[in-house]
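[1] fold the following and give me the result.
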Amino acid sequence: MLPLAALAQTSNSGTAADTGTAATATAPKAERGSRFAQKLNLTTDQKAEFKSIRENAKQQTESIKNDSSLTAAQKRAKLKELHKSTREQMMSKLTPDQQKTFKQMRKEHRRERAERRKAGATQKQG
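    Sure, this is the predicted structure:
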């Protein structure tokens, strides 16, 4: 799944030549975030809002992970709900065109990830 948190990155060091999807799969998070921000043409305000959402989610994630009163299954459920909530918050900050572009990017990312998994499974068997 394409990490929405990557959208909140504000670095703009990527170039048009750096936007290849194969490179995206192995690029560090900040670099991927920059590419996604460029592809979506995020405004400065959107970047700031995403950064705030991402930081809040990171704090909540740590809190859940460190909560010794929760079972592993409860932690997974809470983290899944947090991820969903974070994704919804971020999507609400995108324009309809940006949402459409993001959904296309996410679909492509999932396809590539499935191909890598399939290739990895084939290599392990052979």
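
[2] so how far is whatever helix or strand residue 104 lives in from its chain's centroid?
    Counting by DSSP states H and E, the element that carries residue 104 is helix 96-125. Computed by Cα atoms, centre = their mean, to the nearest Å, the chain-centroid distance of helix 96-125 equals 12 Å.

[3] same deal with stretch 68-79?
    22 Å.

[4] again with stretch 60-78
    Chain-centre distance of stretch 60-78: 20 Å, with Cα atoms, centre = their mean.

[5] quick one: mean pLDDT for that stretch?
    Confidence over stretch 60-78 (mean pLDDT, whole number) is 97.

[6] return the set of buried residues in it.
    Residues of stretch 60-78 classed as buried by neighbour count (16 or more other Cβ atoms under 10 Å): 61, 64, 78. For glycine as for every other residue, the C-beta is placed from the backbone atoms N, C-alpha and C.

[7] how close does the second one sit to residue 81?
    Spelled out, it's residue 64. From residue 64 across to residue 81, the span is 10 Å (Cβ to Cβ, to the nearest Å).

[8] for the helix holding residue 104, packing partners?
    The criterion is 3 or more Cβ pairs under 8 Å, 6 or more residues apart in numbering; DSSP states H and E, and the helices and strands that helix 96-125 contacts are helix 21-26, helix 29-40.

[9] just give me the neighbour total for the closest residue to residue 53 other than its chain neighbours.
    Closest residue to residue 53 apart from its sequence neighbours, by Cβ to Cβ, 6 or more residues apart in numbering: residue 89 at 5.1 Å. Applying other Cβ atoms under 10 Å, we find 17 residues neighbouring residue 89.
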